[in-house]
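Trainee: Requesting a structural model of the entry that follows:
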Amino acid sequence: HEREYLRAVDNLAALLVVAGQYQEAEGLFRTSLRTREVRLGASHPDSVHVVDCLAAVVCKIGEQAEALQLCRRAAEGKEQNLGPKHPETLRALVRLGVVLRRGGQEIEAESMCRRALDGLKAQFSPSHPDVLQCSALLAKLLQSRGLDQEAEQLLRSVLAGHELTAGSNNHVTLKAASTLAAHLVILGKHEEAVPVSRRAADGLEALLGLQHEETLRALCSHGALLEQADRCRDAEALFRRAWVASKSTRGPTDSRTLQCLSGLTAVLCNDCRYSEAEPLQREVVAGWEVHVGAAQPETLSAMYRLAGVLKEMGDTQECERLHRSVFDGRMACLGPSHAETLQSLNSLAMLLEDQGQL
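Mentor: Got it, this is the predicted structure:
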């Protein structure tokens, strides 16, 4: 009877996890684990299984240190009970890799993921969900370490796997395409990135609608890519669509709306249409002031870009005033050695030199 009771507790906790009630689920899993450890021992397979479930919940709650401890215990317990090549052991290694990455322990996380991926590939097809999940995680770790070529191979395999199992227009496939496009940009492969990015943006718009957050993010990414390819007119049209859609649903001072508008002003500046860009960039500055405050990095960056527009238009007086304000603000919130503070100092110095004041 006690075993059936504990199984019911675990099932209820799992339902609470699905419902997003992590605190309640955590309490039930802890109760179940304490009882199992007393009755069965800490290394019993049932106890290890609950440890694994508890680790996932603690990770959701954000308790990084305990999540790492529990994930290690679950991985070690599953390896002891099931063997190093068992799928459950390998999945536990992937979960451990996720927590290690969040904690900044990327070298060990990469080691766990490589070991898990080798084991999963030996047992499952390249398109198996576990293989795809582990490959995507390993690609992120490789990106952060600058191992871009291997990361690209993994991201291409993830996209191909999702296409095979979920279809070309599935949400998860389109997100994989967007991730690959962003990585191709990092590698400087802009021509390859454009069609992949276009596919992701078009697909997400068709699937989720123009006003969805993921669609707007993909459109902005594709717009920036078109700008880099000197397709300014196409980029302008795309950013305008995204800006209008975001503004109508989120309002003029929402962060996504302001990012869309910033992309539009960047395209106009790249096309030397400064008189059109200036009022829009002022709107960006005003929007960030409302959204985050006047002395925040986002607002200061918008002011810095406005100063650049004004300089191109010949308004050196307001340009200087803005550069001084941005420099003072960045000194206060970022510190004197931050790259953006030094950028402001350099821009101000160049402006003063051009005016013969240095």
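Trainee: contacts, neighbours, all on C-alpha from now
Mentor: OK.
Trainee: which residue ranges form the helices in the stretch 101-250 of the chain?
Mentor: For the stretch 101-250 of the chain, the helices defined by DSSP state H, counting those that start in this stretch cover 106-123, 129-144, 148-166, 171-186, 190-208, 213-228, 232-250.
Trainee: can I get those helices in a markdown table with mean pLDDT and mean neighbour count?
Mentor: Shown next, in a markdown table, are the helices of the stretch 101-250 of the chain (pLDDT from 0 to 100; neighbours: other Cα atoms under 10 Å):
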| stretch | mean pLDDT | mean neighbour count |
| --- | --- | --- |
| helix 106-123 | 96 | 19 |
| helix 129-144 | 95 | 21 |
| helix 148-166 | 96 | 19 |
| helix 171-186 | 95 | 22 |
| helix 190-208 | 95 | 20 |
| helix 213-228 | 93 | 23 |
| helix 232-250 | 95 | 19 |
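Trainee: now these in CSV, with distance to residue 258?
Mentor: Shown next, in CSV, are the helices of the stretch 101-250 of the chain (distance: least, Cα to Cα, whole Å):
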stretch, distance to residue 258
helix 106-123, 33
helix 129-144, 28
helix 148-166, 30
helix 171-186, 21
helix 190-208, 19
helix 213-228, 11
helix 232-250, 8
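Trainee: For residue 72, see how far away the residue of the chain most remote from its centre is.
Mentor: Residue farthest from the centre of the chain, counting by Cα atoms, centre = their mean, is residue 1 at 46.1 Å. Separation of residue 1 from residue 72 (Cα to Cα, to the nearest Å): 31 Å.
Trainee: Quickly find the element holding the spatially closest residue to residue 116 that is not a sequence neighbour.
Mentor: In space, and not counting its chain neighbours, residue 116 is closest to residue 90: 4.9 Å by Cα to Cα, 6 or more residues apart in numbering. Per DSSP states H and E, residue 90 falls inside helix 87-102.
Trainee: Could I get the average pLDDT for that helix?
Mentor: Across helix 87-102, pLDDT averages out at 94.
Trainee: how far off helix 106-123 does it point, in degrees?
Mentor: Counting by axes from the mean of the first three to the mean of the last three Cα atoms, to 10 degrees, helix 87-102 lies at 160 degrees to helix 106-123.
Trainee: mind listing what's buried in helix 87-102?
Mentor: Residues of helix 87-102 classed as buried by neighbour count (16 or more other Cα atoms under 10 Å): 87-101.
Trainee: what does that helix contact?
Mentor: 52, 59, 64, 67-68, 71-72, 74-75, 78-79, 82-84, 106, 108-110, 112-113, 115-117, 119-120, 130, 134, 137, 141 (Cα atoms under 8 Å, 6 or more residues apart in numbering).
Trainee: again, but for stretch 46-55
Mentor: Counting by Cα under 8 Å, 6+ apart, 10, 26, 29-30, 32-33, 36-37, 40-42, 66-68, 70-71, 73-74, 77-78, 92 sit against stretch 46-55.
Trainee: Identify the spatial nearest neighbour of residue 193, chain neighbours not counted.
Mentor: Closest to residue 193 by Cα to Cα, 6+ apart is residue 181, at 4.8 Å.
Trainee: any weak-confidence spans in the stretch 251-358 of the chain?
Mentor: 358 (pLDDT under 70).
Trainee: ok, residues contacting the helix or strand harbouring residue 69?
Mentor: Assigned by DSSP H and E, residue 69 belongs to helix 64-82. By Cα under 8 Å, 6+ apart, the residues outside helix 64-82 that reach it are 43-45, 48-49, 51-52, 54-56, 58-59, 84-86, 88-89, 92-93, 95-96, 99-100, 102-103.
Trainee: for the most centrally placed residue in the chain, what are its contacts?
Mentor: With distances taken as Cα atoms, centre = their mean, residue 179 lies nearest the centre of the chain, 9.5 Å away. The contact partners of residue 179, by Cα under 8 Å, 6+ apart, come to residue 155.
Trainee: Against residue 329, how distant is it?
Mentor: 34 Å.
Trainee: How many residues are close by residue 298?
Mentor: 18 (other Cα atoms under 10 Å).
Trainee: right, and it touches residue 288 too?
Mentor: Yes - if you go by Cα atoms under 8 Å, residue 298 and residue 288 touch, sitting 6.5 Å apart.
Trainee: Please identify every residue contacting each of those two.
Mentor: Overlap of the contact sets of residue 298 and residue 288 (by Cα under 8 Å, 6+ apart) is empty.
Trainee: residues contacting residue 278?
Mentor: By Cα under 8 Å, 6+ apart, residue 278 lies in contact with 265, 306, 309, 310.
Trainee: Likewise for residue 14?
Mentor: residue 25.
Trainee: Need the per-residue pLDDT for it.
Mentor: pLDDT, residue 14: 93.
Trainee: For it, give its distance to residue 182.
Mentor: 35 Å.
Trainee: Stretch 55-63: which residues count as buried?
Mentor: Applying 16+ other Cα under 10 Å to stretch 55-63 flags 55, 56, 57, 58, 59 as buried.
Trainee: pLDDT averaged over it - what is it?
Mentor: The model assigns stretch 55-63 a mean pLDDT of 90.
Trainee: oh, and call the first residue 540 from now on, that's how I've got it
Mentor: Sure thing, new numbering starts at 540, so read that last one as stretch 594-602.
Trainee: okay, that stretch in PDB with CA atoms only?
Mentor: Extracted in PDB, the C-alpha atoms of stretch 594-602 (Å, rounded to 0.1, in the frame of the first residue of the first chain):
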ATOM      1  CA  ALA A 594      16.400  18.000  -9.800                       C
ATOM      2  CA  ALA A 595      14.300  19.100 -12.700                       C
ATOM      3  CA  VAL A 596      11.900  20.900 -10.400                       C
ATOM      4  CA  VAL A 597      14.600  22.600  -8.400                       C
ATOM      5  CA  CYS A 598      16.200  23.700 -11.700                       C
ATOM      6  CA  LYS A 599      12.900  25.300 -12.800                       C
ATOM      7  CA  ILE A 600      12.700  27.200  -9.500                       C
ATOM      8  CA  GLY A 601      16.200  28.500 -10.100                       C
ATOM      9  CA  GLU A 602      18.100  27.000  -7.200                       C
END
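Trainee: Thanks a lot, see you next time.
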